[in-house]
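Novice: Fold the following for me, if possible:
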Amino acid sequence: MKVSTFLKRAILPVTAAFMLAGCGSSDSASGSKENVLEKIEEEKVITWGVKNDTRLFGLMNTETNEVEGFDIDLARALTKEMFGEDTEVKLKEVTSKTRIQLLNGSDIDAIIATMTITDERKKEVDFSDVYFDAGQSLLVKKGSDITGVDSLGGKTVLAVKGSTSAINIREKAPEAEVLEFENYAEAFTALKQGNGDALTTDDSILYGMADEDPSFELVGGQFTEEPYGIAIKKGNEDFVEKVNEALKALKDSGEYDEIKDKWIKAN
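Specialist: Residues are numbered from 1 along each chain as shown. Next up is the predicted model:
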């Protein structure tokens, strides 16, 4: 047997053993859960997932190039309450369709983006206590013959992809045609252009649209309950607890009400 052949046969098992050991180590590392709270405290940076297209809650101001709204101010207040003034606040745009994916992909640390707490979503993320009580409603052109979900038969209703609103309206008005859009801005534009008879989502968001264009109004009242929660990656109970403590502190001090009254005047 040649020496080179002998060496190859001797080296290959050893190499394979190292590779297997390396794979086992990698799998173990990938299976470990990231402690988001520790990361924030070490890096002194927190990244919130927020909406950029939702008036009153999270809307891009084209003049200042800054996102503004209730969710934004609450995120900053929570950050200060939890970590003090030295922690930097970063805001990353999310949509109803992308927010859970971005959270679980470590692009963001927490979601505060008009996100309704549901049993289905609890399978993918953990939620804080309720920070805002909303309810689904309908936005229509003033003078419309639509008065509520019972009058949607044969009508076209606009909704946003990935939202509970699209699911709910199909259950409440099965005879209506539902068109889904990527975000609220696109859906509202479609409504204004006459591409639908009504737009449905949480009343808190619809109030912002009616405030933007008074030729539209809400009808029918709330036909669902939509409690908003702050979403956090699963396995971070310590972070959820810290958020809940901070939220309670803001409510007890009256700062929460100040932020809410600043933005949600119609509620």
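Novice: residues near the spatially closest residue to Gly148 that is not a sequence neighbour, how many?
Specialist: Leaving aside its sequence neighbours, Gly148 sits nearest to Gly220 (CB to CB, 6 or more residues apart in numbering; 3.1 Å). C-beta coordinates here come from the backbone N, C-alpha and C atoms, glycine included. Residues near Gly220, counting by other CB atoms under 10 Å, number 19.
Novice: Contact partners for the residue lying closest to Lys155 once chain neighbours are set aside?
Specialist: Of all residues not flanking Lys155 in the chain, Asp197 sits nearest, at 4.1 Å (CB to CB, 6+ apart). Asp197 sits next to 140, 144, 146, 152, 155-157 when contact means CB atoms under 8 Å, 6 or more residues apart in numbering.
Novice: The residue nearest to Gly148 is in contact with Gln136, isn't it?
Specialist: No: taking contacts as CB atoms under 8 Å, Gly220 lies outside contact range of Gln136: 9.6 Å.
Novice: residue ranges with poor pLDDT in the protein?
Specialist: 1-32, 265-267 (pLDDT under 70).
Novice: could you check the distance from the residue most central in space within it over to Gly69?
Specialist: The chain has Ala113 as the residue nearest its centroid, 3.9 Å off, counting by CA atoms, centre = their mean. Separation of Ala113 from Gly69 (CB to CB, to the nearest Å): 10 Å.
Novice: Check Thr156 too.
Specialist: 29 Å.
Novice: same question, Glu226
Specialist: Taken as CB to CB, the span from Glu226 to Gly69 is 17 Å.
Novice: next one: Asp145
Specialist: Asp145 is 33 Å from Gly69, by CB to CB.
Novice: So for Thr156 and Gly69, which sits in the more crowded spot?
Specialist: Gly69 (25 against 16).
Novice: The residue nearest to the centre of the chain against Leu59, yeah?
Specialist: No: using CB under 8 Å, Ala113 is not in contact with Leu59, being 11.8 Å away.
Novice: that older thread, SS state for the residue nearest to the centre of the chain?
Specialist: Following DSSP: H, G, I helix; E, B strand; the rest coil, we place Ala113 in the coil state.
Novice: In contact with it, which residues?
Specialist: Contacts of Ala113 by CB under 8 Å, 6+ apart are 49-51, 54, 57-58, 71, 94, 96, 99.
Novice: which of those residues count as buried?
Specialist: By the neighbour-count criterion of 16 or more other CB atoms under 10 Å, the contacts of Ala113 include these buried positions: 49-51, 54, 57-58, 71, 94, 96, 99.
Novice: Between the two ends of stretch 161-177, how far is it?
Specialist: Counting by CA to CA, to the nearest Å, you get 14 Å between the two ends of stretch 161-177.
Novice: nope, stretch 98-116 is what I was after
Specialist: Per CA to CA, stretch 98-116 runs 14 Å from first to last residue.
Novice: Could I get the contacting residues of the residue nearest to Trp48 when sequence neighbours are not counted?
Specialist: Leaving out its chain neighbours, the residue that sits closest to Trp48 by CB to CB, 6+ apart is Ala75, at 4.5 Å. By CB under 8 Å, 6+ apart, the contact set of Ala75 is 48, 50, 89, 91, 112.
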